[in-house]
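Q: Quick one: sequence plus predicted model below, questions after.
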Amino acid sequence: MTETLKLLSEVFEAVLGFMPKLTVGIFVLVIFWLAGSIFLRISHTLSHKVNLPKDIRILIGQVTKAAFLLAGLLTALAFMGIKLSSLITALGLTGFALGVALKDVLANLLSGLVILLNRPFKIKDRIGILEFEGRVVDINLRYTVVETQEGPIFIPNQVIFANPLRVLND
């Protein structure tokens, strides 16, 4: 019985000793979360003034918020005394594995971003790409919807980005 009480006492002392570090870590994480929220509002305001497409505004907001939260989490863990070198190495390897696994998805996203920023065509333009020809109905980060005589076709942005494109406006 005394051994159990001694063990519980040691665990309780360890938890109490860690509480100040945990409190500081949570405080740092909250500060980064607030900073991310403020920066998100600023980026939304600026992107409206620059007249960026809605998809780009959403992407910029999500990436900004995620970057602040990741930086806050890593900073909070460092303040709590956790060594980050092995964690960062694991995150790097995980990022590499995800990049390889999601190569096509990422290629479509990046191609969509370039298409939305460069605007080689607009919604309602008639385009021809490979064997497809029709009117652009929607452009988003992953694919472009083209209304053809056979019906709507979802063309991955990577295909549009990598192949010759004809704008056939009347």
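A: Yes, it's here.

Q: Quickly find the element holding residue 104.
A: If you go by DSSP states H and E, residue 104 is part of helix 103-118.

Q: buried stuff in that helix?
A: By 16 or more other C-beta atoms under 10 Å, the buried positions in helix 103-118 come out as 107-109, 111-113, 115-116. Glycine gets a C-beta too; all of them are placed from N, C-alpha and C.

Q: And it, what does it pack against?
A: On a contact count with 3 or more C-beta pairs under 8 Å, 6 or more residues apart in numbering; DSSP states H and E, helix 103-118 meets helix 54-79, strand 132-139, strand 143-148, strand 151-156, helix 157-162.

Q: Which positions in the longest one come out as buried?
A: Along helix 54-79, the positions that meet the burial threshold by neighbour count (16+ other C-beta under 10 Å) are 55-57, 59-61, 64-65, 68, 72-77, 79.

Q: Specify the angle between it and helix 103-118 in degrees.
A: If you take axes from the mean of the first three to the mean of the last three C-alpha atoms, to 10 degrees, helix 54-79 sits at 120 degrees to helix 103-118.

Q: roughly how far is helix 54-79 from the heart of the chain?
A: Helix 54-79 sits 8 Å away from the centroid of its parent chain (C-alpha atoms, centre = their mean, to the nearest Å).

Q: ok, then the element right after that helix?
A: As assigned by DSSP H and E, the chain's next helix or strand after helix 54-79 is helix 85-101.

Q: First-to-last residue distance for stretch 97-108?
A: Length of stretch 97-108, first residue to last, C-alpha to C-alpha, to the nearest Å: 18 Å.

Q: average model confidence for it?
A: The average pLDDT within stretch 97-108 is 83.

Q: chain center to that stretch, what's the gap?
A: The answer for stretch 97-108 is 13 Å, by C-alpha atoms, centre = their mean.

Q: same question, stretch 119-135
A: Remark: stretch 119-135 is offset 28 Å from the chain centroid, using C-alpha atoms, centre = their mean.

Q: Send over it as PDB, restricted to the C-alpha atoms.
A: Taking C-alpha atoms only, stretch 119-135 is exported to PDB below (Å, rounded to 0.1, in the frame of the first residue of the first chain):
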ATOM      1  CA  ARG A 119      -6.500  34.100 -66.100                       C
ATOM      2  CA  PRO A 120      -5.700  32.800 -69.600                       C
ATOM      3  CA  PHE A 121      -9.500  32.400 -69.900                       C
ATOM      4  CA  LYS A 122     -12.600  33.400 -68.000                       C
ATOM      5  CA  ILE A 123     -15.900  31.900 -67.100                       C
ATOM      6  CA  LYS A 124     -18.200  32.000 -70.200                       C
ATOM      7  CA  ASP A 125     -15.200  31.900 -72.600                       C
ATOM      8  CA  ARG A 126     -15.200  29.100 -75.200                       C
ATOM      9  CA  ILE A 127     -12.000  27.100 -75.100                       C
ATOM     10  CA  GLY A 128     -10.500  24.000 -76.800                       C
ATOM     11  CA  ILE A 129      -8.100  21.700 -75.000                       C
ATOM     12  CA  LEU A 130      -7.100  18.300 -76.400                       C
ATOM     13  CA  GLU A 131     -10.300  16.800 -77.900                       C
ATOM     14  CA  PHE A 132     -12.600  18.900 -75.700                       C
ATOM     15  CA  GLU A 133     -14.300  22.100 -76.800                       C
ATOM     16  CA  GLY A 134     -16.900  24.100 -75.000                       C
ATOM     17  CA  ARG A 135     -17.800  27.000 -72.800                       C
END
